[in-house]
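Undergrad: Here is my input, please return the structure:
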Amino acid sequence: MGLKKYAGEVIKEGKRVRWPKREVIFPLIFVVLVITAFAAAVLLLEDMAVARLLGALEKAFEGFKK
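TA: Alright, predicted model coming up:
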């Protein structure tokens, strides 16, 4: 199958799709953005906690360095 034929079939299939209306899409986009922001905040807090823990461990074991 050539690239041109493949692209033509992709376009034809895209026209058959029943796309949702704007009234449905915008609330869903908002939900995705809120969940993404929440996940980013959780990962940021976890990263900061681990960095602090590793810093404390490094400080605690400074005496063992040569």
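Undergrad: Please count neighbours and contacts with C-alpha atoms only from this point.
TA: Will do.
Undergrad: pLDDT weak spots in this structure?
TA: Residue ranges of the chain with pLDDT under 70: 66.
Undergrad: Check the chain and tell me which residue is nearest its centre.
TA: In the chain, the residue lying closest to the centroid (Cα atoms, centre = their mean) is T36, at 6.3 Å.
Undergrad: host element of it?
TA: Applying DSSP states H and E as the criterion places T36 in helix 22-60.
Undergrad: Centre of the chain to that helix, how far?
TA: What separates the centre of helix 22-60 from the centre of its chain is 10 Å, taken as Cα atoms, centre = their mean, to the nearest Å.
Undergrad: That one: which residues count as buried?
TA: Residues of helix 22-60 classed as buried by neighbour count (16 or more other Cα atoms under 10 Å): none.
Undergrad: Now do that helix: which elements does it pack against?
TA: With contacts taken as 3 or more Cα pairs under 8 Å, 6 or more residues apart in numbering; DSSP states H and E, helix 22-60 sits against no other helix or strand.
Undergrad: Enumerate every residue touching the residue nearest to the centre of the chain.
TA: Counting by Cα atoms under 8 Å, 6 or more residues apart in numbering, T36 touches no other residue.
Undergrad: Please tell me how far it sits from E62.
TA: Going from T36 to E62 by Cα to Cα, to the nearest Å gives 39 Å.
Undergrad: Determine the number of other residues adjacent to P20.
TA: 8 (other Cα atoms under 10 Å).
Undergrad: Just want the phi and psi numbers for it.
TA: With angles defined as degrees, to the nearest 10, P20 sits at phi -70, psi 160.
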